[in-house]
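Participant: my questions are about this predicted structure, shown below with the sequence.
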Amino acid sequence: MSATDNNRLVQVFAGTLWQAQLIKGLLDSNNIQCTVLDETIGAVTSPYSPTAGDAVVAVNAADELRALAVIEKEGHACK
């Protein structure tokens, strides 16, 4: 999945790599294309490190509201 001139990617979730993978699975199961960004940094840095970066789940801008609704329905923190 990638952004095109007509469709940009927007962040719908940020958290640990583990959380981001769960959100990705949730969105995938609801037929919402998404991608996990920064997963290498999340995997390499310790979850206990204050400098650890967040893994980000991004969707096409056209799917943002639907993705946020699915995430919220499941009780996960957004953005």
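Facilitator: That came through, no problem. Note that the structure is predicted; figures quoted are calculated from it, not measured. Numbering: from 1, shown residues only.

Participant: what residue ranges in this protein score low on pLDDT?
Facilitator: Scanning the chain for pLDDT under 70 picks out 1-6, 39-53, 76-79.

Participant: show me where this protein has helices.
Facilitator: Counting by DSSP state H, the segments of the chain that form helices are 17-29, 39-44, 64-73.

Participant: mean neighbour count and distance to residue 58 added to these, as a markdown table?
Facilitator: C-betas here are computed from N, CA, C, even on glycine. Formatted as a markdown table, these follow (neighbours: other C-beta atoms under 10 Å; distance: least, C-beta to C-beta, whole Å):
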| stretch | mean neighbour count | distance to residue 58 |
| --- | --- | --- |
| helix 17-29 | 17 | 10 |
| helix 39-44 | 14 | 11 |
| helix 64-73 | 16 | 9 |
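
Participant: please identify which of these is closest to residue 8.
Facilitator: helix 64-73 (9.9 Å; C-beta to C-beta).

Participant: quick one, that closest one and helix 17-29 angle?
Facilitator: Following axes from the mean of the first three to the mean of the last three C-alpha atoms, to 10 degrees, one obtains 120 degrees for the angle between helix 64-73 and helix 17-29.
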